[in-house]
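1. below: sequence and its predicted model.
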Amino acid sequence: MTAQTDTQGSITTVYQVSGMSCGHCEGSVSTEISGIPGVTSVKAVASSGEVTVVSAAPLDDEAVRAAVDEAGFELTGKA
């Protein structure tokens, strides 16, 4: 599990998402995850399949999975 708390109390979690291949894919995943309450930042990288999420509190994995599914991709776990 990759989750870290920084000095401002934010939590950074890195997820692994399969199926992203371009900037549009990154944008779709970022937009859906950004809609989860408490999320303050999302950075998706298609080449590695990693999505870095910064949130005010720990996120429910099922909420993240549902957001990734809505974007048309598969959450395969935490990086």
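-> On my side now, so go ahead. Numbers count the residues shown, from 1 in each chain.

2. which residues of the chain fall in helices?
-> With helices called from DSSP state H, the chain shows them at 23-34, 61-71.

3. the last one - contacts with which helices or strands?
-> For helix 61-71, the helices and strands in contact under the criterion 3 or more Cβ pairs under 8 Å, 6 or more residues apart in numbering; DSSP states H and E are strand 11-18, helix 23-34, strand 74-78. (Each C-beta comes from the backbone N, C-alpha and C, glycine too.)

4. and it, what's its mean pLDDT?
-> Helix 61-71 shows a mean pLDDT of 97.

5. now the angle from it to strand 74-78?
-> Helix 61-71 and strand 74-78 are oriented at 150 degrees to each other (axes from the mean of the first three to the mean of the last three Cα atoms, to 10 degrees).

6. what's in contact with helix 61-71?
-> 15, 17, 25, 28-29, 31-33, 35-36, 51, 53, 74-75 (Cβ atoms under 8 Å, 6 or more residues apart in numbering).

7. same question, stretch 46-57
-> 9-18, 20-23, 25-26, 29-30, 33, 36, 38-45, 59, 64, 68, 76, 79.

8. any quick PyMOL command for the buried ones out of those residues?
-> Selection command for PyMOL covering only the buried members of the contacts of stretch 46-57, criterion 16 or more other Cβ atoms under 10 Å:
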select buried, resi 11+13+14+15+17+20+25+26+29+30+33+36+39+42+44+59+64+68
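
9. got the end-to-end distance for stretch 33-45?
-> 14 Å (Cα to Cα, to the nearest Å).
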